[in-house]
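**Q** Here is a sequence together with a model predicted from it:
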Amino acid sequence: MEKIVLHRLAKDVFNTPLMILPDKLDTILSVIGDRIGMESVLSVGEADLMSMASANRSDVENSPRISVIHVYGSLVNRTYGLSPDSMLQTYDDIRNEFRAAMDSDSEAILFDINSPGGTASGVFDLVDEIYEARCRGRKRIFAIANEAAYSAAYAIASSTGKIFLSRTAHVGSIGVIATHQDRSAANEKAGIKYTTIFKGARKADLSPDAPLSDEAKGMLEAEVEDVFDIFAKTTARNLGIPVAQVVATDAGIFMGDKAVLKGLAHEVIAANDVQAKILAELDANLDEKEDQMDKKAETKLEKKEVKIMNAQELKKAHPELVAEIESSLEQKLTAKFDGEKSAMTAENGSLKESVLRLEKSEAIRQVREVKSEAAGIWTSVLTGSDVPKRFHDKVKAHVSHEKFIQDGLLDCTGFTEAVKAEVEDWETRGATSKVMGTGFSSKDVEGEGAAKLKKEEADDEALANSLFEASGGTREEVK
């Protein structure tokens, strides 16, 4: 059973991004290695690990006003049933303690941290919950590196509002690491051969019984890069510094004042003094709140002591002040009215100009439409008549379309009847191509001299007049 638990734990250690110091990872591997069939690289026994767990505890304990949450040892998402002395602590355990502290009567929460970090899985949800509670401001939240807050443990520290550390304490290691175990050589040495049957090109990636392929290595590297991006951005948000500043630490670790200079901690203080420091800050905040409440109370009292006067009483008690206020108000209102009046006048003038332009455009459009309609009627009627083309303009001159415009629109029916009547009159009087000759209208072709053209036009005019005289009647020109 114990071996099954350790194998499950190994899955959280191998082939997955970790936020832990490399030497602490080697320590964990050395302890579980022999017990899951893996050669140890360090000679750290179980008894040594238990001793380290006991030595990891500090004397920073709860007080009535401060809830203390201890974050010790390697951090994991699950322990799979290992005992508390295994030096492993889960994120769920920390979360449960944090929620209980938030619900308690304490005024502040202090994370007492001595941890090399742990798995990336699960840590960011815990960090976000602490950060959001800090932003709500119901309780002050602090952290102390006592004596180490590395990687995942530092992510937790950064989510609080203030990070303390002693002169010899270290923080940082903002980076991600992943390890692949290749047991193929050890298996061969032991005479063990594994045959893997799988479907799917990536299914056997990261197998411990075969060397790591380039494709699997690239996939693991990409995952490490993605987790680091989340780590850097989350830390930058928590600390209120640029992401580039976090990345520039290159996953280094920093002690005491150097950590403060790097912006990774706020104050250097001994672990034994940190609770007194927090209590002093709480009292200072309390005094400030009391002062604000006193000022509000004084303001309310002053408001109550103010005597309220109506307009008549105020005018009687302070006539000069009232007169000055009225004069000032009148001037302001007058200036405002004059300004608005000028603006309205200018706006009206602009609107009038716009309206005139629109009216002019509309009138021009209507005139053009009427002329176009009239021209169309003339063309339609004259095209179907026997009147020679050279007489068309003379015929048109006798009927003006302007006489048939009503409300800007052409009376098409009346105008068409007038045009037809005029054309029929010309045809009746003999002004047709049959009488005048079919070639009569083609005299004005290109190449003929101007004198000849004028003579032909004069002959045509005389012929037309003689036709009207021969009919014994006269015409009144319609314009």
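**A** Received it, and whenever you're ready, just let me know what you need.
**Q** Give me the three-state assignment for residue 365.
**A** Following DSSP: H, G, I helix; E, B strand; the rest coil, the label given to residue 365 is helix.
**Q** And for residue 130, the neighbour number?
**A** Around residue 130 there are 26 other residues, counting by other Cβ atoms under 10 Å. C-betas here are computed from N, CA, C, even on glycine.
**Q** Roughly how far does it sit from residue 219?
**A** 31 Å (Cβ to Cβ, to the nearest Å).
**Q** May I see the buried residues of stretch 243-252?
**A** By neighbour count on 16 or more other Cβ atoms under 10 Å, the buried set for stretch 243-252 is 246-247, 249, 251.
**Q** And for stretch 317-333?
**A** Within stretch 317-333, no residue counts as buried by 16+ other Cβ under 10 Å.
**Q** cool, stretch 253-270 as well?
**A** 253-256, 258-260, 262-266, 268-269.
**Q** Put the alpha carbons of that stretch into PDB.
**A** The C-alpha trace of stretch 253-270 is given here as PDB (Å, rounded to 0.1, in the frame of the first residue of the first chain):
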ATOM      1  CA  ILE A 253      17.300  33.800  -4.500                       C
ATOM      2  CA  PHE A 254      17.900  36.900  -2.400                       C
ATOM      3  CA  MET A 255      18.600  37.400   1.300                       C
ATOM      4  CA  GLY A 256      17.500  40.100   3.700                       C
ATOM      5  CA  ASP A 257      18.100  43.700   2.500                       C
ATOM      6  CA  LYS A 258      18.900  42.500  -1.000                       C
ATOM      7  CA  ALA A 259      15.400  41.000  -1.300                       C
ATOM      8  CA  VAL A 260      13.900  44.400  -0.300                       C
ATOM      9  CA  LEU A 261      16.100  46.200  -2.900                       C
ATOM     10  CA  LYS A 262      14.800  43.800  -5.500                       C
ATOM     11  CA  GLY A 263      11.200  44.600  -4.600                       C
ATOM     12  CA  LEU A 264      10.600  41.000  -3.500                       C
ATOM     13  CA  ALA A 265      10.000  41.900   0.200                       C
ATOM     14  CA  HIS A 266       9.000  45.000   2.200                       C
ATOM     15  CA  GLU A 267      10.900  45.000   5.500                       C
ATOM     16  CA  VAL A 268      13.700  43.200   7.300                       C
ATOM     17  CA  ILE A 269      12.700  42.200  10.900                       C
ATOM     18  CA  ALA A 270      13.400  39.300  13.300                       C
END
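**Q** For it, give me every contacting residue.
**A** Residues outside stretch 253-270 that contact it (Cβ atoms under 8 Å, 6 or more residues apart in numbering): 21, 144-145, 150, 154, 158, 162-173, 239, 241, 245, 249, 277.
**Q** what about the strands in the chain?
**A** 18-20, 66-76, 88-90, 108-119, 140-150, 162-165, 170-172, 253-255, 267-268, 405-406, 409-410 (DSSP state E).
**Q** Residue 315 - how many residues pack around it?
**A** The number of residues packed near residue 315 is 15, by other Cβ under 10 Å.
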